[in-house]
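> 3D model of this:
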Amino acid sequence: MKQFLNKYKFILFGVFILIDIILIMIFASKSKPAQNPPTPSSSPVNQNLKYQPLITDNNFQENGTETTINQIKKVYFPSKSPNRKNEAWYKDDNLIFLKEIVTLKDALNMSDLIDKYGKPTLVLYGEDALSGFYLYATPETGIAYLGNQESGLLLEIWQFETISINLFPAKYAEGYKDKLPVQQ
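Predicted structure coming up:
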């Protein structure tokens, strides 16, 4: 039994994380009352037509919580996930970054984004990397997504101002590395 656990601990850990994510999404969707999608005029995201939410019923409302860091106003909005928030970043009242949380109900997967935006030119690894979720980015076109290539599942979609591959990690993906972390 001990040999089995040692041999397959990465796979078991990934399966455990995926089951947790699915269960959280199922329970979260059952416990929340149905909400009407926000109207375009009530959404601060829609005030700047450069970026539009890809998931039309994401809840970008006026009641987000704000923080300002280095002249960047970051606004966190509720998402359909109980553990993650949608984000919008503003500089001089212009939207420069939009992060949308994806759930299973959105019926969107990695192949949909690859078909629409092309193959990613950069892969980075963050805290979800040991579960197989990597940040796939195409900085030249202003799109990135946190997903699992094997399952096609998405956790997040990012839209941002176009930028070079070299500058992307420092500006938008702080905490992500270009090498897969080693499990202890």
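
> Number of residues surrounding the closest residue to E150 other than its chain neighbours?
Leaving aside its sequence neighbours, E150 sits nearest to G132 (Cβ to Cβ, 6 or more residues apart in numbering; 6.2 Å). C-betas here are computed from N, CA, C, even on glycine. Neighbourhood size, G132 [other Cβ atoms under 10 Å]: 19.

> so G132 sits right up against G152, yeah?
No - G132 lies out of contact with G152 (Cβ atoms under 8 Å); the separation is 11.2 Å.

> re earlier: tell me the confidence at the residue nearest to E150?
The model reports G132 with a pLDDT of 93.

> Tell me which residues touch it, please.
G14, N148, Q149, E150, S151 (Cβ atoms under 8 Å, 6 or more residues apart in numbering).

> neighbour-wise, which of these leads?
Neighbour-wise, the contacts of G132 (other Cβ under 10 Å) top out at N148, 20 neighbours.

> so can I have TSV of the contacts of G132 showing pLDDT?
Listed next are the contacts of G132 as TSV, based on pLDDT from 0 to 100:
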residue	pLDDT
G14	63
N148	95
Q149	93
E150	94
S151	94
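
> quick check, nearest of the residues you listed to P82?
For the contacts of G132, the closest approach to P82 (Cβ to Cβ) belongs to N148, at 20.0 Å.

> What's opposite that closest one in the beta bridge?
Beta bridges link N148 to F133 when assigned by DSSP bridges.

> Please tell me I have it right and it contacts Y136.
No - using Cβ under 8 Å, N148 makes no contact with Y136, being 10.1 Å away.

> how about A107, phi and psi?
When read as degrees, to the nearest 10, the backbone of A107 gives phi 50, psi 40.

> Tell me how many other residues crowd it.
Burial of A107 is recorded as 9 neighbouring residues (other Cβ under 10 Å).

> Near K91, how many other residues are there?
Applying other Cβ under 10 Å, we find 13 residues neighbouring K91.

> Contacts only, for it.
By Cβ under 8 Å, 6+ apart, the contact list for K91 reads Q71, I72, K73.

> pLDDT at it, what is it?
Confidence at K91, expressed as pLDDT, is 88.

> distance of it from S111?
Distance, K91 to S111, by Cβ to Cβ, to the nearest Å: 33 Å.

> Find the residues that touch each one of N148 and Y136.
Common neighbours of N148 and Y136 are listed as M110 (criterion: Cβ under 8 Å, 6+ apart).

> Now do the phi/psi pair for the closest residue to Q71 other than its chain neighbours.
Once flanking residues are discounted, Q71 sits nearest to K91: 6.3 Å by Cβ to Cβ, 6+ apart. The phi/psi pair for K91 (degrees, to the nearest 10) reads phi -130, psi 120.
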